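K.L.:
give me a model of this one.
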Amino acid sequence: MNKLSHINKHGEATMVDVSGKDKTERIATASGLVVFPQDVFNQLEEAQFSNKKGSIMQTAVIAGIQAVKKTADLIPLCHQLSLSKINIDIQPIENTLRIICTVKCNERTGVEMEALTGVSVSTLTIYDMCKALSHDIKITNIQLEKKSGGKSDFNR
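P.N.:
Residues are numbered from 1 along each chain as shown. As a prediction, this is how the structure comes out:
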């Protein structure tokens, strides 16, 4: 039976001891959606996804990369990792921006939380840059798509 890895036998929060694990290549990909009212999306598309604050997509990419690097500062029980690659891709689909974040490292623990954090902050940045046009913008479907390199792989 699986158990929570961040709770010790006394029911207290604890950081997982990964010192006995081998360093392996770890890769994780997460995704999320920012859904706009159609008229707002059309307006953004006409402006090439730029507004008075600058390029919406490029700002979201930079924010997401910064967030990935700060994951251990934001989520208390995450380990500090030496990351080797962060890629954030944003694609317009219908009235939606799809954000995909892939993170890679050679470490003793995986990068799922880093990939999810990158997507989350990218979506929040898009919302922040576009909220003057509408508050009816939805951030949705933030999820892990796949991970590899640890004890178990996952592929949605």
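
K.L.:
quick one: buried residues of the helix ranked longest in the chain?
P.N.:
Criterion DSSP state H: the longest helix present in the chain is helix 112-130. The neighbour-count criterion (16 or more other C-beta atoms under 10 Å) identifies 112-127, 129-130 as the buried residues of helix 112-130. C-beta: built from backbone N, CA, C; applies to glycine.

K.L.:
ditto for stretch 55-64
P.N.:
Going by 16+ other C-beta under 10 Å, stretch 55-64 has these buried residues: 56-57, 59-61, 63-64.

K.L.:
next up, the contacts around the residue nearest to residue 120 when sequence neighbours are not counted.
P.N.:
Excluding its sequence neighbours, the residue lying closest to residue 120 (C-beta to C-beta, 6 or more residues apart in numbering) is residue 142, at 5.9 Å. Listed by C-beta atoms under 8 Å, 6 or more residues apart in numbering, the contact partners of residue 142 are 30-32, 116, 119-120, 123.

K.L.:
picking that back up, closest to residue 7 out of the buried residues of stretch 55-64?
P.N.:
Checking the buried residues of stretch 55-64 against residue 7 with C-beta to C-beta, the nearest one is residue 64 at 29.4 Å.

K.L.:
for the closest one, give its distance to residue 152.
P.N.:
26 Å (C-beta to C-beta, to the nearest Å).

K.L.:
cool, residue 124 as well?
P.N.:
Residue 124 is 30 Å from residue 152, by C-beta to C-beta.

K.L.:
same question for residue 122.
P.N.:
Taking C-beta to C-beta, one finds residue 122 at 27 Å from residue 152.

K.L.:
mean pLDDT per helix and strand in this protein: which one sits at the bottom?
P.N.:
Ranking every helix and strand in the chain by mean pLDDT, DSSP states H and E puts strand 50-51 at the bottom, with a mean of 84.

K.L.:
off-centre distance for the longest helix of the chain?
P.N.:
6 Å (C-alpha atoms, centre = their mean, to the nearest Å).

K.L.:
please flag which of the buried residues of stretch 55-64 sit within strands.
P.N.:
The strands in this structure, assigned by DSSP state E, contain none of the buried residues of stretch 55-64.

K.L.:
closest to residue 19 among those residues?
P.N.:
residue 64 (29.9 Å).
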